[in-house]
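Trainee: I would like the atomic coordinates for the input below:
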Amino acid sequence: MFSVKDAQKIISENNPNGYYETYKKYEELYWKYIPNWIRRYSKTKKVKNVLDLGIAYGTLGIFTKMNTECNLYGVDFIKYMSEELIENYNINYSIKNIELDELNFNVKFDIIIFTECFEHLNFNPIPTLNKIKNLLTDDGVLMFSTPDSDSSWGKLSKYKTYKDIPLPNEQSEILDKHIYQYNLTELREIFDEVGLNIQKTYYTESGKNVMHFIIQLSKNSKGGSELE
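Mentor: Coordinates of the predicted model:
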């Protein structure tokens, strides 16, 4: 069985940014249940195409590719992934601002990975989530993680509510930082409006009372164990 550590080893062997050797020691704390969810899903369905939004160094993308033999697509706002990894593992890689740019692919995706990016969105998240939803196959899944604002993370935002965040605007300055952090009530409300159904929800802890939501979503209503 191909593990997260195996994926990290591949990345380390393919000339990553030097910070990866530090980052890989704790990255799994943010999304540690998602690898098992990907394995379970791939046992029930042939996984042909996978999109990792905010792919960064590529750990979850490579893990998924090696376990499912999928075609891996990766998108990021800033380039962290090494050229060697992109070439050696045939990753369809592109630099895009997913809030402002078109997400034009000639395929739909069985799995979309969207971890530790939601809180970085500069604009109201609903238009971007609608774009992401439209990229899923009918029975595809979205693997999602983000900080829990009800934990020690707090809101860390000038906005009182996510509804105050402006809609995407190409004239706005784009900031590379946490813009807004959500609680579970807000996430449920957003997912309901977009038409994404929660199949699984879990918490993970990256520090003392530093909590993250890990959520599996789909366009259909099958599944649905709310807080595991």
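
Trainee: and for this protein, the residue most distant from the center?
Mentor: residue 171 (25.7 Å; C-alpha atoms, centre = their mean).

Trainee: check that one and give its pLDDT.
Mentor: Note on residue 171: pLDDT of 94.

Trainee: for the chain, which spans come out with low pLDDT?
Mentor: Confidence mapping of the chain against pLDDT under 70 gives the ranges 221-228.

Trainee: who touches the residue sitting nearest the centre point of it in this structure?
Mentor: The centroid of the chain falls nearest to residue 114 when counting by C-alpha atoms, centre = their mean (1.2 Å). Going by C-beta atoms under 8 Å, 6 or more residues apart in numbering, residue 114 touches 53-54, 132, 142-145. Yep, even glycine has a C-beta here, placed from its N, CA and C like the rest.

Trainee: now do residue 14
Mentor: Residue 14 sits in contact with 82, 84-85, 88-89, where contact means C-beta under 8 Å, 6+ apart.

Trainee: can you lay out these as TSV showing secondary structure?
Mentor: TSV is the format used below for the contacts of residue 14 (DSSP: H, G, I helix; E, B strand; the rest coil):
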residue	secondary structure
82	coil
84	helix
85	helix
88	helix
89	coil
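
Trainee: can you give me the strands for this structure?
Mentor: For the chain, strands defined by DSSP state E occupy the ranges 49-53, 71-76, 92-95, 109-115, 136-147, 197-207, 210-218, 225-227.

Trainee: in TSV: the ones you listed, plus distance to residue 121.
Mentor: What follows is the strands of the chain, written out as TSV (distance: least, C-beta to C-beta, whole Å):
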stretch	distance to residue 121
strand 49-53	11
strand 71-76	14
strand 92-95	17
strand 109-115	10
strand 136-147	10
strand 197-207	19
strand 210-218	15
strand 225-227	24
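
Trainee: return the most buried member of these.
Mentor: Among the strands of the chain, ranked by average contacts under mean count of other C-beta atoms under 10 Å, first place goes to strand 49-53 (a mean of 26).

Trainee: packing partners of that strand?
Mentor: helix 59-68, strand 71-76, strand 109-115 (3 or more C-beta pairs under 8 Å, 6 or more residues apart in numbering; DSSP states H and E).

Trainee: switch the ones you listed over to CSV; also include distance to residue 208.
Mentor: Below are those laid out as CSV (distance: least, C-beta to C-beta, whole Å):
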stretch, distance to residue 208
helix 59-68, 24
strand 71-76, 30
strand 109-115, 21
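
Trainee: nearest to residue 97, of these?
Mentor: Residue 97 sits nearest to strand 71-76 of all these, at 9.5 Å, using C-beta to C-beta.

Trainee: what strands line up against that closest one, and which way round?
Mentor: Strand 71-76 has its sheet partners listed here by DSSP bridges as strand 49-53 (parallel), strand 92-95 (parallel).
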